[in-house]
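[1] Give me coordinates for this.
(one chain, ligands or ions: 2)
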Amino acid sequence: MMWKLVICTLCLLSGSLQLCSGSFWGSPAVDKVEEEVKVEVLFKPLPCEPKSKKGDLINIHYDGFLAEDGSQFFCSRSAGHPQWLMQGVGQVIKGLDMGLKDVCAGEKRKITIPPALAFGVKGKDPVPPNATVVFEVEIFAVSSGPRSLETFRKMDVDKDRSLSKAEIKEYFRQDYERIGDPHEDTFYDKIVVHFLLKNDHDKDERISMKEYNIYEHDEL
Ligand SMILES: [Ca+2]
Ligand SMILES: [Ca+2]
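    Ligands and ions are numbered 1, 2, ... in the order given. This is a model prediction of the structure:
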């Protein structure tokens, strides 16, 4: 656990959000336990389009803190690259799903979630029982839900109905560059590895249409 926290701290210090600053937690709004999800938009690009809808794939970094003392219990940055998740289908705790409605690429949100919509009366190690949690979220990309196959067709540049590593890499590169957040080559290589891990069931290092569909059904 400790190494994760160290990596988180490092990445936060070098990142753009500076989430760990002590004064950040002084806000009285966070002290109050509310029974619904509270969403504060920290940054919204203009235009903020397209906005996420249920079933869309969104690419985010999210850091979790306990509202009570501001201590950090989760940091997606320790995985080394932003996480892909499908919005609105229960891949994350309910309150986070609710707080990620209508987000767009480039947006930053602070989402405060009461225990009933987070880890409940029992909690989940390291989150203690009955804890209100706060997530700091940075959204990098919003892609149409795969059921439409719109995303697949966009990625499949040579139209051979299969996605090569180069095609996957190029798609993400363009997505990041489009929102003005370009990265080094190795960053995209990591995303490709993660993408293949989740989708390439026959391990031939290509994503067939069928594999893409299997993935959709697994996630929904
Ligand atoms: Ca192809
Ligand atoms: Ca394959």
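
[2] Can you name the next helix or strand after the lowest-mean-pLDDT helix or strand in the chain?
    Least confident helix or strand of the chain, by mean pLDDT, DSSP states H and E, is helix 28-31 with a mean of 40. Next in sequence after helix 28-31, counting helices and strands by DSSP states H and E, comes strand 38-43.

[3] could you measure residue 154 against residue 171, distance?
    Per Cβ to Cβ, to the nearest Å, residue 154 is found 7 Å from residue 171. (Glycine included, C-beta is placed from N, CA and C.)

[4] of those two, who's got more company?
    With neighbours defined as other Cβ atoms under 10 Å, residue 154 and residue 171 compare such that residue 171 has more, 23 against 14.

[5] how many neighbours does the closest residue to that one other than its chain neighbours have?
    Leaving out its chain neighbours, the residue that sits closest to residue 171 by Cβ to Cβ, 6 or more residues apart in numbering is residue 155, at 4.4 Å. Look at residue 155: counted by other Cβ under 10 Å, it has 20 neighbours.

[6] do the same with residue 50
    There are 14 residues near residue 50, going by other Cβ under 10 Å.

[7] Dihedrals phi and psi, the residue of the chain most remote from its centre?
    If you look at how far each residue of the chain sits from its centre, by Cα atoms, centre = their mean, the farthest one is residue 160, at 29.7 Å. Here is the backbone geometry of residue 160 (degrees, to the nearest 10): phi -100, psi 20.

[8] any idea whether the residue most central in space within the chain is helix, strand or coil?
    Closest to where the C-alpha atoms of the chain average out (Cα atoms, centre = their mean) is residue 60, at 2.6 Å. In terms of secondary structure, residue 60 is strand; the call rests on DSSP: H, G, I helix; E, B strand; the rest coil.

[9] now the one 5 residues further on
    Secondary structure for residue 65, judged by three-state DSSP, is strand.

[10] That one and residue 72 touch, don't they?
    Yes. Taking Cβ atoms under 8 Å as the definition, residue 65 is a contact partner of residue 72 at 5.3 Å.

[11] the more surrounded of these two?
    Taking other Cβ under 10 Å, residue 65 and residue 72 do not tie; residue 65 has more neighbours (24 against 19).

[12] related to what we said a few turns ago, could you list every residue that touches the residue nearest to the centre of the chain?
    Neighbouring residues of residue 60 by Cβ atoms under 8 Å, 6 or more residues apart in numbering: 76, 82-83, 85, 100, 137-140.

[13] so how far is residue 91 from it?
    11 Å.

[14] Next to ligand 1 in this structure, residues from the protein, please.
    156, 158, 160, 162 (Cβ under 5 Å from the ion).

[15] and the chain, what are its domains?
    2-143, 146-219 (automatic domain parsing).

[16] So residue 85 sits against residue 58, correct?
    Yes. Between residue 85 and residue 58 there is a contact under Cβ under 8 Å: 6.3 Å.
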